[in-house]
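S.K.: Need a 3D model of the following:
(chains A and B, ligands or ions: 2)
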Amino acid sequence: MLDINHIAKTFNPGTITEKLALSDADLHLAEGDFVTIIGGNGAGKSTMLNAVAGVFPIDQGSIVIDGQNVTGLPEYKRASFLGRVFQDPMTGTAATMSIEDNMALALRRGQRRSPLKWGITSKERRMYRDQLKRLGLGLEDRMNARVGLLSGGQRQALTLLMATLQKPKLLLLDEHTAALDPKTATKVLHLTRELIRDQHLTALMVTHNMKDALQYGNRIIMMHEGKVIVDVDRETKMNLRVEDLLNMFEHTSGSQLNNDRMLLS
Amino acid sequence: MDIAKLLNAFPGAVSQGIIWGLMAIGVYITYRILDVADLTVDGSMATGGAVAAVMITAGYNPWLAVIVAFLVGMLAGLVTGLFHTTMGIPAILAGILTQLALYSINLRIMDGKANTAVNVNKYHVLVTSRNVRQFSVSNPIILTLILTAVLIALLYFFFNTEYGCALRATGANGAMARAQGINTNVAKVIGLMLSNGIVAFSGAMLTQYQGFADVQMARGAIVIGLAAVIIGEVVFGKLLKSFAGKLVCVSLGAIIYYLVMQIVLWLGLNTNDLKMLTAIVVAIFLAVPHWKQQAQTRLHVRRKGGE
Ligand SMILES: Nc1ncnc2c1ncn2[C@@H]1O[C@H](COP(=O)(O)OP(=O)(O)OP(=O)(O)O)[C@@H](O)[C@H]1O
Ligand SMILES: [Mg+2]
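M.R.: Numbering: from 1, shown residues only, chains lettered A, B, ... in the order given. Ligands and ions are numbered 1, 2, ... in the order given. Predicted structure coming up:
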């Protein structure tokens, strides 16, 4: 479903702030894979997800989604393949627009938007209401409320729903629970798993929580200095503990896993 | 001080306010919806005026002149949009560049003259200040009010369509809009075109109303537009919350602005000082939300510290 073929990315080349963020990163996902990603600060996790989303052009390699080479496509054109949830709850939604407006925007992801057709229909509204109900947050009764009034957890849950309203070929989750309190984070993670399971989605999820990395998904990869250095398959992952993961990382990278937000327990 | 003199000036202030309200609605589209401060308007409003003056004095139908003014205004917006998106120039600077270029273009449109008169006795015009105190359908207030209502209705429709929602999303959160597959560059260009079309349309109406076009006629227009937007929000924002309501607020804001200007003139202020007064008022109103936020933060910190 996703082929990241030996991609490289250097930010600000030729300046003193030059930074090699990805060097020869390679990763292949089969349909239905739910891969969790861990790695230290600055390992290149976000950069790899952003490269897939097309936030910036890459220097080398290619990215293929479901057989289509998207390497040269701008971000807005790749959107039809991708559902995305970001670390900052502010990023995924339009704060000044209503819940239903946000959902209507997401429902039309990757489609031509007409200047003559109404932006939201009453039939859709009923569907949004049903979808919001399953979140159990009471948002179905506040569909006209501005998203800016919602809490971080509510916004992330809504963003998740929006990302899957139109089934994406690939779901990109970049530490989407990092800004939430532990209880809310767990709720949002459960919702994530449920949505991925129900729609048989292929997903990449960056997390700083080792336990979550083990608990969710069917594969774990570790990144270090812009490369994918460890790739753990379903079988191995099932019997793994956090210590094993840390040992694996140290063994392969030759250094300690160093992430200031990392939760080991 | 003669109160009758002030009251006598009110109808003129109201119709001027309505015409500038059209312009302010254009500013609202860029400033509030797209979240860019577009300075093109100082040029494009005069362009609209110049186009209308030249066409009407050449014998064209005034409605046609107004439509062409709108289209030329859209072109001005297109230029600013391309400066900003394809050439990567910051929006403010892109607007200033177009505005500067338009000064030359406006002179060319008016055949090198800084001023073109549109004599009401000689040409057919849609509105004129001459009828401002008449109780008849030729009173400019009536037609300008109808045009404002039609414009608001059209914009209400457009901004609720699929593409209109995409435009709003572009202004609200560009990263989110792109993640939803919206080409935010194109959306910005279209928003700038729409805005400057409306602004030029307003300039075309103003030229007819005052009976001339002048290259300087819209100097500082952006500030008057912002004043209208802000006054409208402060005075009526709590009452009118829907999208159409907000546009009505803008128009009302422009009317209040012109009434207040009449009053300060009547109180003895020099006409030449009006622009400075406007700038100060807008600066203060722009600062208010900032100050409010600072005060809130301080309050918050103090409360936390007291715990
Ligand atoms: N837009 C950018 N411009 C310049 N440098 C960048 C940019 N984005 C990322 N970098 C740099 O690239 C490196 C990789 O960053 P990235 O955000 O991918 O790390 P990460 O693995 O997501 O780390 P974290 O766990 O802290 O989120 C870092 O050194 C970062 O400073
Ligand atoms: Mg990151």
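S.K.: Is the residue nearest to residue B:261 when sequence neighbours are not counted in a helix, a strand, or coil?
M.R.: Spatial nearest neighbour of residue B:261, excluding adjacent residues (Cβ to Cβ, 6 or more residues apart in numbering or on different chains): residue B:274 at 6.0 Å. All C-beta atoms are positioned from the backbone trio N, CA, C, and that covers glycine. What DSSP: H, G, I helix; E, B strand; the rest coil gives for residue B:274 is helix.
S.K.: secondary structure class for the residue of chain B found nearest ligand 1?
M.R.: Closest approach between chain B and ligand 1, counting by Cβ to the nearest ligand atom: residue B:175, at 12.5 Å. The local conformation at residue B:175, judged by three-state DSSP, is helix.
S.K.: can you tell me the average pLDDT over the helix or strand where residue A:205 lies?
M.R.: In the assignment (DSSP states H and E), residue A:205 maps to strand A:203-206. Per-residue pLDDT over strand A:203-206 has a mean of 96.
S.K.: mind listing the helices for chain B?
M.R.: Counting by DSSP state H, the segments of chain B that form helices are B:3-28, B:41-57, B:62-85, B:91-109, B:140-159, B:162-172, B:174-179, B:184-210, B:221-236, B:243-266, B:274-306.
S.K.: Highest mean neighbour count across those helices, which stretch is it?
M.R.: Ranked by mean neighbour count, these are led by helix B:41-57 with a mean of 30 (mean count of other Cβ atoms under 10 Å in any protein chain shown).
S.K.: any idea of the angle it forms with helix B:221-236?
M.R.: Interaxial angle, helix B:41-57 versus helix B:221-236 (axes from the mean of the first three to the mean of the last three Cα atoms, to 10 degrees): 110 degrees.
S.K.: show me where pLDDT drops low in the chain?
M.R.: Just going to use chain A. Within chain A, the stretches with pLDDT under 70 are A:259-265.
S.K.: try chain B instead
M.R.: Along chain B, the parts satisfying pLDDT under 70 run over B:1, B:303-307.
S.K.: my guess is the residue of chain B closest to ligand 1 contacts residue A:91, does it?
M.R.: Yes. Between residue B:175 and residue A:91 there is a contact at 5.6 Å, judged by Cβ atoms under 8 Å.
S.K.: Which residue, other than its chain neighbours, is closest to residue A:8?
M.R.: Closest to residue A:8 by Cβ to Cβ, 6+ apart is residue A:60, at 4.0 Å.
S.K.: can you tell me which residues contact the one you found?
M.R.: By Cβ atoms under 8 Å, 6 or more residues apart in numbering or on different chains, the residues touching residue A:60 are A:6, A:7, A:8, A:24.
S.K.: cool, residue A:156 as well?
M.R.: A:85, A:89, A:92, A:176, A:177, A:179, A:180, A:188.
S.K.: From start to finish, how long is stretch A:204-219 in a straight line?
M.R.: By Cα to Cα, to the nearest Å, the extent of stretch A:204-219 from end to end equals 10 Å.
S.K.: List the buried residues of it.
M.R.: Of all the residues in stretch A:204-219, those buried under the rule 16 or more other Cβ atoms under 10 Å in any protein chain shown are A:204-210, A:212-214, A:216-219.
S.K.: can you map out the helices along the stretch 151-265 of chain A?
M.R.: Secondary structure of the stretch 151-265 of chain A (DSSP state H, counting those that start in this stretch): helices at A:152-165, A:182-199, A:210-215, A:234-238, A:242-253.
S.K.: which of those helices sits most buried?
M.R.: helix A:152-165 (a mean of 24).
S.K.: Which residue, other than its chain neighbours, is closest to residue B:187?
M.R.: Closest residue to residue B:187 in three dimensions, ignoring its sequence neighbours and counting by Cβ to Cβ, 6+ apart: residue B:170, at 4.1 Å.
S.K.: returning to what we had before: how close does the residue nearest to residue A:8 sit to ligand 1?
M.R.: Residue A:60 is 16 Å from ligand 1, where distance means Cβ to the nearest ligand atom, to the nearest Å.
S.K.: Helix, strand, or coil at the nearest residue to residue A:158 once chain neighbours are set aside?
M.R.: Nearest non-adjacent residue to residue A:158, counting by Cβ to Cβ, 6+ apart: residue A:93, 6.2 Å away. At residue A:93 the chain is in coil, as set by three-state DSSP.
S.K.: Would you enumerate the residues in contact with residue A:93?
M.R.: By Cβ under 8 Å, 6+ apart, the neighbours of residue A:93 are A:102, A:147, A:155, A:158, A:159, A:162, B:173, B:176.
S.K.: Over to residue A:1?
M.R.: Listed by Cβ under 8 Å, 6+ apart, the contact partners of residue A:1 are A:29, A:30, A:31, A:32, A:33, A:65, A:66, A:169, A:170, A:202.
S.K.: Mark which of those residues are buried, thanks.
M.R.: The neighbour-count test (16+ other Cβ under 10 Å) marks A:29, A:33, A:65, A:169, A:170, A:202 as buried among the contacts of residue A:1.
S.K.: Identify the farthest-apart pair in the residues you listed.
M.R.: A:33 and A:65 (13.0 Å; Cβ to Cβ).
S.K.: Compare the contacts of residue A:60 and tell me which has the most neighbours.
M.R.: Ranked by neighbour count (other Cβ atoms under 10 Å in any protein chain shown), those have residue A:7 at the top, with 24 neighbours.
S.K.: Skipping adjacent residues, who's closest to that one in space?
M.R.: Nearest residue to residue A:7, sequence neighbours excluded (Cβ to Cβ, 6+ apart): residue A:61, at 3.4 Å.
S.K.: To what extent is that neighbour buried, counted in neighbours?
M.R.: A count of nearby residues for residue A:61, using other Cβ under 10 Å, gives 18.
S.K.: ok but it is inside a strand, no?
M.R.: Yes. Per three-state DSSP, residue A:61 lies within a strand segment.
S.K.: Hmm, residue A:5 and it touching each other?
M.R.: Yes. If you go by Cβ under 8 Å, residue A:61 and residue A:5 touch, sitting 5.0 Å apart.
S.K.: which residues are common contacts for these two?
M.R.: Shared contacts of residue A:61 and residue A:5, counting by Cβ under 8 Å, 6+ apart, come down to residue A:26.
S.K.: residue boundaries of the helices in the stretch 1-150 of chain A?
M.R.: A:45-53, A:75-78, A:99-107, A:122-133.
S.K.: Need those helices in TSV (columns: distance to chain B and mean neighbour count).
M.R.: TSV is the format used below for the helices of the stretch 1-150 of chain A (distance: least, Cβ to the nearest Cβ, whole Å; neighbours: other Cβ atoms under 10 Å in any protein chain shown):
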stretch	distance to chain B	mean neighbour count
helix A:45-53	7	23
helix A:75-78	5	20
helix A:99-107	5	25
helix A:122-133	11	14
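S.K.: Out of the ones you listed, which is closest to residue B:88?
M.R.: Closest approach to residue B:88 among these is made by helix A:75-78 (16.0 Å; Cβ to Cβ).
S.K.: same for the closest one, what does it pack against?
M.R.: Packing partners of helix A:75-78 (3 or more Cβ pairs under 8 Å, 6 or more residues apart in numbering or on different chains; DSSP states H and E): helix A:45-53, helix B:174-179.
S.K.: could you say what helices and strands the last one packs with?
M.R.: On a contact count with 3+ Cβ pairs under 8 Å, 6+ apart, helix B:174-179 meets helix A:75-78, helix B:162-172, helix B:184-210.
S.K.: now the ones you listed in TSV, with distance to ligand 1?
M.R.: Shown next, in TSV, are the helices and strands packed on helix B:174-179 (distance: least, Cβ to the nearest ligand atom, whole Å):
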stretch	distance to ligand 1
helix A:75-78	14
helix B:162-172	21
helix B:184-210	18
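S.K.: Right, I'll leave it there.
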